[in-house]
Structure formats: structure tokens, C-alpha cells
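> coords please:
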Amino acid sequence: MYTYCLYCEAGKSIYVAAELMAQLNCQAVIPKQVQHTFSKGKWTNRVHNLLPGYLFIYAEEPIEMFTCKMTPGVVRCLKSNEAQYELQGRDQDFALYLYEKKGIIGKTQVIERDGRLEIIPISFHRADVSIARVDRRNRRMKINIRFLRQTFSTWIEYEIVKQEPSNEQEPQ
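The predicted model follows:
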């Protein structure tokens, strides 16, 4: 699957996504996050933009970026380290994670080892995500997402799961 990332004018991501899906044979995802918040005496789930202005494009065939660049509302088409538009490596892993989750990041499973929380490797595929801070009382953690040479931070809920026993034998 070919993955691309566009940066759009404020509030235009939805319109750009609809336009590109109509013009090209592709899927579009606007990354969102679910935050469990206490408001007006009860807990509710609120959906917020994870990366405001960012739009991810997924296609089975390579996309001509000229079409994307000329779409009203697109500020720029983002490039990977190799100066190409198709996402590569950990950037692509993050984009594929978003695609798998339909663009929504919610409660994330973690393991607790020696009193510290660790993200389960399969939680974000191989994307470059790390835990920056933990709020144990509210069961939330601040994560840093490294994407296209930038770091984005956000608070998400976590759920501690038991660590599965390793299949590997310790060296003797």
C-alpha cells in the first residue's frame, strides 16, 4: 500500500479528503484521538484532532502528487527523508497504524515492568512512539510521536495488560 501525508489549511482536511477520494482511487484518514474526560458530573469520550491539518492518503497504486498539490485547501505535500512523497520506514508504520485504527487513537495497552509503563511493541506497529509522562490517578499518559522529523505530543488513556511469557530461551 502506498501512503502519503498532506498538510491542509485549518478546517479544510475534511473537504480535501472528500475531493481526493472522488478524484483518485484512494482512502483518506484524518487522525483523531479519543479522550475520556470528566464534564458536568459524568465521564464522556471526546474526539479531538490528533494532528490538526494533517491528512493521510492510502492507495493501491502510486498517486500523482500534482493532483494533490493542486487541490484547494492543500498547503503542502510532505516528503520523507529521501525527498520523495511516499512515506517510508517508521513514518509509513505510523500511517499504516492509523489506517488500521480508522484514524482514531484511543485507549492503548501497556505493560508494567519494574514499576514503569512500556508501550507494547505491537500497539503502534513499529512507529516511533514513546511515553513522556504518566498520570496514574487518571490512567493517562503523555506520548511523543516522532513523525516526519517532528515530534508531536498528546495525552491518551492506557490500560495495563499482563505481559505474555517470552518464547525465547535465556542464554546459558
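> Name all residues that make contact with the one residue sitting closest to the centre of the chain.
In the chain, the residue lying closest to the centroid (Cα atoms, centre = their mean) is L98, at 4.8 Å. Contact analysis of L98 by Cβ atoms under 8 Å, 6 or more residues apart in numbering lists 29, 31, 56, 105. No exception for glycine: its C-beta is placed from N, CA and C like everyone else's.
> And the strands in the protein?
For the chain, the strands defined by DSSP state E occupy 2-8, 26-29, 32-39, 42-49, 54-59, 74-77, 104-105, 108-113, 116-119, 128-135, 140-147, 150-160.
> And the longest one, what's buried?
This means strand 150-160. 152, 154, 156-158 (16 or more other Cβ atoms under 10 Å).
> Which of the residues you listed sits closest to P72?
F152 (25.6 Å; Cβ to Cβ).
> Any idea what the residue nearest to the closest one when sequence neighbours are not counted is bridged to?
Excluding its sequence neighbours, the residue lying closest to F152 (Cβ to Cβ, 6 or more residues apart in numbering) is I145, at 4.7 Å. Beta-bridge partners recorded for I145 (DSSP bridges): V129, F152.
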